[in-house]
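J.: what's the 3D shape of this:
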Amino acid sequence: MTDIYLSVDVGGSQTKIIYQVDDQTKPNYVLLPPAIEEITKDKLNFFMERLGWIGSPSPDQQLWVEWNNRVVVLGEFAANFDPLDRIKELKYENALWKVLSAVGLIVELSLVKVTAKKQINLELALLLPWNEYSDRRRFEEQLRVMLANFTVRKQYLKVNLERFLCRPEGGGLAALRIKQQGVDWLRNQQLAVLMFGHRNTTALYFDRGQLKLGDSPLLGFANMLDIVLDMTSGLDRERLANAVFDARYTIINKVYSKDRNHSARPNWITFDQIQALAS
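T.: Got it, this is the predicted structure:
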């Protein structure tokens, strides 16, 4: 019997987790910053000893995974250890640790009963960019090894991967369209799907029902932010992205209108949020 149903999107902007445990009637979600960093056990112990007892952080704010004598800190907690910028690294390698951390979080947050002998049964769905989709079998094999024996926040866990479903990013958009129009419609069409993400821009091409071509170059929103950062000083991705989205939401009705079949380009320089970036 499955104990946890889990879907993870290890995006460059956030780690997005949707889950449901066996005794719940509705799914829940957790959002985590994308940061991840491997550190030594001594460094973790030193940090915790120096921190002492200060408040009571929630599990997602102090998240780390231990496996095979390796220690990886994730999310907000990773910010304490000067994490490297991993936006251009392969997603599936970091996704292994993020899946382990997600399982540990779910066990703690949902009070899933765990004993030294109990094995948790897991069904997992995962998204990967098209150019990493061919690594899904390698990912599954390594994940099964790691799930068999790992620790999250001092909680020892043994997990059996009952079912693994991997889809390329953008595949959900295609699936939604197929659900709306039907399989027969797809088999008589040429369908192109574009997904604009934070890290990648993914393109999928279907010809009469068959996925023929795909690509997912590093041309996501983060690439635009880097271009701006190269031409300025004193900014970082997070501050710039927050300003762009804060400005956009103040004028969303002007950008999108039912009277037009396209969006309007905002006059960005006139917005207080953009002007506030000037040093």
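J.: this protein: strands as residue ranges?
T.: Assigned strands in the chain, in chain order: 4-10, 15-21, 28-32, 36-39, 63-67, 70-74, 120-128, 150-152, 155-157, 159-168, 190-196, 201-207, 210-215 (criterion: DSSP state E).
J.: pLDDT of the fifth one, averaged?
T.: Read it as strand 63-67. Across strand 63-67, the average pLDDT comes to 97.
J.: what do you get for the longest one?
T.: Mean pLDDT, strand 159-168: 94.
J.: orientation of that strand relative to strand 210-215 in degrees?
T.: For strand 159-168 against strand 210-215, the angle by axes from the mean of the first three to the mean of the last three Cα atoms, to 10 degrees is 90 degrees.
J.: where in the protein is pLDDT low?
T.: Scanning the chain for pLDDT under 70 picks out the ranges 53-55, 115-117, 253-254.
J.: which stretches of it form helices?
T.: Along the chain, counting by DSSP state H, helices occupy 41-51, 91-109, 136-147, 171-181, 183-186, 221-230, 237-250, 252-255, 272-275.
J.: around the nearest residue to residue 16 once chain neighbours are set aside, how many other residues sit close by?
T.: Leaving aside its sequence neighbours, residue 16 sits nearest to residue 9 (Cβ to Cβ, 6 or more residues apart in numbering; 4.3 Å). To be clear about C-beta, it is placed using only N, CA and C from the backbone, and glycine gets the same treatment. Look at residue 9: counted by other Cβ atoms under 10 Å, it has 20 neighbours.
J.: now do residue 2
T.: Going by other Cβ under 10 Å, the residues that sit close to residue 2 add up to 15.
J.: does it touch residue 22 like I think?
T.: Yes - because the distance of 6.3 Å satisfies Cβ atoms under 8 Å, residue 2 is recorded as touching residue 22.
J.: distance between the ends of stretch 141-158?
T.: 16 Å (Cα to Cα, to the nearest Å).
J.: buried stuff in that stretch?
T.: 143, 146-147, 150, 152-153, 157 (16 or more other Cβ atoms under 10 Å).
J.: again, but for stretch 173-188
T.: 174, 177-178, 186.
J.: list of residues touching it?
T.: Contacts to stretch 173-188, defined as Cβ atoms under 8 Å, 6 or more residues apart in numbering, come from residues 191, 193, 195, 204, 206, 208-209.
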